[in-house]
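In: Take this sequence and fold it.
(chains A and B)
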Amino acid sequence: MSNAIEKSAPASTVTSRRRLLQAAAAGTALASSPFAINIVRAQGAPIKIGFPTPLTGAFSAEAQDQVRAAELAVKEFNDAGGFNGRRVELLVRDDKLNPGEAASRTLELIEKDKVDFIVGSLSAATQLSINAVTRERKVIFNSISQSDAINEAKDWSPYTFHEALNPHMTAGAVARYAFPKFGKKVVYLTADYAYGHEMVRGFERAGKALGATTLADIRHPLGAADYSSFLPRIQALKPDVLVLCNFGRDLVNSAKQATDFGLKESTRLVTPVLLFTSRVAGGSDAFEGVVGGTSYYWGMEDSIPAAKVFNDKFRRAYGGAVPSDYGALGYAGVRSVLQAVLNAKSTDSDKVSDAMGRLEYNWYKGNQFYRKCDHQSVQSVIIVESKSKGMKDKNDVFTVASIEAPSESNLRSCTELGHKG
Amino acid sequence: MGELTPQLLALQLVTGVALGAIYALLAVGLSLIFGMLTVVNFAHGAFFMVGAFLGIYFQTLTGSFLLSLVITPAVVGAVGMLAERFLVRPLYGRGIDYPLLLTFGLSYILIESMRVVFGIEGLPSATPAALRGSVDLGIGRFPLYRLALIGATAVVVLGLWLLIEKTRFGLIIRAGSRDPEIVRVLGVDVAKVWLLVFGLGTAIAGLSGVLAAPTRAVNPEMGITVLAESFVVTVVGGMGSLMGAVVAGLLVGVVFSMTSLLAPEFAELSIFVLMAIVLLVRPQGLFGKAGLMA
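Out: Next comes the predicted model:
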């Protein structure tokens, strides 16, 4: 029977049909494979921005806000047409607040996902480890968290940008506000790690020029829940100002307990970075009268038009929610990179780095620019005081006490950081 | 260190005792469960944390701190009893490792549940209005609430002592820790006793949480460091000894406090140094019975 079928169909037809099927199969496979994108849409490849941030851990609230704000910046850019029709994709990764994890994720983003830029990080340690990777791979990294070290020549590279404030600027601004106002005898209650020490250094430097004296610098272990054992000594020293050089939960605990011990009767509590989330978690009692610095507070919209524009965009996108301090940095970090891409008309790291270095911008808080030698974003520092009465809603927790205008003189000098020129 | 006046030292000592009160309360619960059930409850810190969260929740619900002080330990104890009945009981007789690993896993579940129900940031806690402010002790200002805490701990420990020493139930508990087989032979339902003891131990942990909440930030991770400290105190005092838990709790609190004053960087280390010394000199703890770990 088979012989009959084979004999009835001519050999050439069978071969060509087989060929046709083979070609069709190969074509389908090719069209559905990843290579298809290159063949069909070579010019439209998305621009990828890697975004490592601690989605799990003590600062997940801040990290999630950073992601939301960054996604807002990406959507804005895409809606406006992107870059020559190319859209931006945000690849968010969890660095778990761990430097090793951050480095692995960054490497993965660069090698496997082939990202064009990296924006992110929330802690000093993770941003240094991310920078070590991006520096080597010549990928632009715009860091959105506090660190003094990243500006220094030994960690820096032309691809390193620092969108966020650093401890020197923040502590300096708070010192310049608080010491003349509240008094010159200062005690520091410091978290015993790099951030704490950098903050104290910033305070003492600014304080020296104002005639402030350090009565004591009391170091506490990072993450301590109980500060009662440090408070009797602080009480006995009778300082004018107690500077709580710690962050997040440590700040909530120490502010609470200092209040319990009646320290506020004779001493003013000051902190370098007063997070929106910390204030909400700690409550109005613990933070009453506490003065601190921040990179952004939504309440600035009364005096800064750019803040109102940004807040409204965020409110529209996220159901009335307002952006937090670190959240706003997520927006600015991404937007600066994307603007530089438009200005440079390229996604090449060197060209974008050059364009970013020359960028002058006002995304949400006033004028900013990147200093030439270390790419530190020169920006304003906002001094806020916690509210305990007359709060209009759950977000109305601070009054803006003062805004220190952006100035290069508030940064450490380029030579001090080891940069030439 | 020129400012080391006697007043400062005295105030620091009082601070240490207040700190020790919470440690003692936590250790009592842990020691009870270990002494009677030979179960190392790794979820003890998590029960403490749950107590803190529920304490705030019930206080907001009922408007009364005192009411919350009664309801919360009952609820936490009930959760503990459910855990004992369905999770721990099947593992009796299999050695000390199984309940240890189980309670370790249980702590993760409890932490995650609190995250889901109350959020990752935690809840703001406030000191009850009547106990706010600080008192001038003559040696300096001290929070009124912490003084009340020392008092509350004393009351709880006294109550527990009366329960264990002066009631029939306490007699069964003491006998059960000595020799469960004989107690069973005598017709006592040992399983029910253990259920109640586990519930009691976790209820005390929950109570410590309610009491500690006004003094510190309440978040899902707050029980983790507390667990290590509870174990240090229990080991120093002797596993299974009520007196040991109280004395060791106060001792650890005072040691931590005085070290914070004189050498702050070593404060966290000091309690482990104390534990090491006690283990070298007297391995069963200050008041523990030798050879309890069978």
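In: so A:Leu269 is in which element?
Out: Using DSSP states H and E, A:Leu269 falls within strand A:268-273.
In: remind me which residues of chain A are low pLDDT?
Out: Scanning chain A for pLDDT under 70 picks out A:1-16, A:23-43, A:421.
In: Quick one: distance of the strand holding A:Leu269 to the chain centre.
Out: What separates the centre of strand A:268-273 from the centre of its chain is 21 Å, taken as C-alpha atoms, centre = their mean, to the nearest Å.
In: Could you check that strand against chain B for contacts?
Out: No. Strand A:268-273 stays clear of chain B (C-beta under 8 Å from any C-beta of the partner chain), getting no nearer than 14.6 Å. For the C-beta atoms, the positions are set from N, CA and C on the backbone; glycine is no exception.
In: Show me what the helix or strand following that strand is packed against.
Out: The helix or strand immediately downstream of strand A:268-273 is helix A:276-287, counting by DSSP H and E. With contacts taken as 3 or more C-beta pairs under 8 Å, 6 or more residues apart in numbering or on different chains; DSSP states H and E, helix A:276-287 sits against helix A:249-260, strand A:381-386.
In: same thing but at 6 Å, please
Out: The helices and strands touching helix A:276-287, judged by 3 or more C-beta pairs under 6 Å, 6 or more residues apart in numbering or on different chains; DSSP states H and E, are helix A:249-260.
In: does the helix it packs on come close to chain B?
Out: Yes. Applying C-beta under 6 Å from any C-beta of the partner chain, one finds helix A:249-260 touching chain B at A:249, A:252-253, A:260.
In: which of these tops the neighbour count?
Out: Highest neighbour count within these: A:Val252, with 30 neighbours (other C-beta atoms under 10 Å in any protein chain shown).
In: Cross-check the contact I'm expecting between it and A:Gly283.
Out: No. Contact status for A:Val252 versus A:Gly283: not in contact, 8.6 Å apart, counting by C-beta atoms under 6 Å.
In: tally of neighbours for B:Glu265?
Out: Neighbour count of B:Glu265, defined by other C-beta under 10 Å: 12.
In: can you list the residues of the stretch 301-421 of chain A near chain B?
Out: So the stretch 301-421 of chain A never meets chain B (C-beta under 6 Å from any C-beta).
In: residue ranges of the helices in the stretch 301-421 of chain A, please?
Out: Counting by DSSP state H, counting those that start in this stretch, the stretch 301-421 of chain A has helices at residues A:305-317, A:325-344, A:349-357.
In: Please tell me how far the nearest residue to A:Tyr195 once chain neighbours are set aside sits from A:Gly196.
Out: Distance criterion C-beta to C-beta, 6 or more residues apart in numbering or on different chains; nearest residue to A:Tyr195, sequence neighbours excluded, is A:Ala124 at 5.7 Å. Distance, A:Ala124 to A:Gly196, by C-beta to C-beta, to the nearest Å: 11 Å.
In: same question, B:Thr62
Out: 40 Å.
In: more neighbours, these two?
Out: Taking other C-beta under 10 Å, B:Thr62 and A:Gly196 do not tie; A:Gly196 has more neighbours (24 against 13).
In: does the more buried one belong to a helix or a strand, and which?
Out: Element membership for A:Gly196, per DSSP H and E: helix A:194-210.
In: Give the buried residues for the helix or strand just after that helix.
Out: Using DSSP H and E, the helix or strand that follows helix A:194-210 in sequence is strand A:213-220. Under the neighbour-count criterion of 16 or more other C-beta atoms under 10 Å in any protein chain shown, strand A:213-220 has A:214-220 buried.
In: and those residues as JSON lines, adding distance to A:Asn151?
Out: Formatted as JSON lines, these follow (distance: C-beta to C-beta, whole Å):
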{"residue": "A:Thr214", "distance to A:Asn151": "24"}
{"residue": "A:Leu215", "distance to A:Asn151": "30"}
{"residue": "A:Ala216", "distance to A:Asn151": "29"}
{"residue": "A:Asp217", "distance to A:Asn151": "23"}
{"residue": "A:Ile218", "distance to A:Asn151": "28"}
{"residue": "A:Arg219", "distance to A:Asn151": "24"}
{"residue": "A:His220", "distance to A:Asn151": "27"}
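In: returning to what we had before: okay if I get the helices of the stretch 301-421 of chain A as TSV plus mean neighbour count?
Out: Listed next are the helices of the stretch 301-421 of chain A as TSV, based on neighbours: other C-beta atoms under 10 Å in any protein chain shown:
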stretch	mean neighbour count
helix A:305-317	17
helix A:325-344	25
helix A:349-357	18
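In: Tell me which of these lies nearest to B:Val246.
Out: Of all those, it is helix A:325-344 that lies closest to B:Val246, at 44.3 Å by C-beta to C-beta.
In: angle of the closest one against helix A:305-317?
Out: Inter-element angle recorded for helix A:325-344 and helix A:305-317: 100 degrees (by axes from the mean of the first three to the mean of the last three C-alpha atoms, to 10 degrees).
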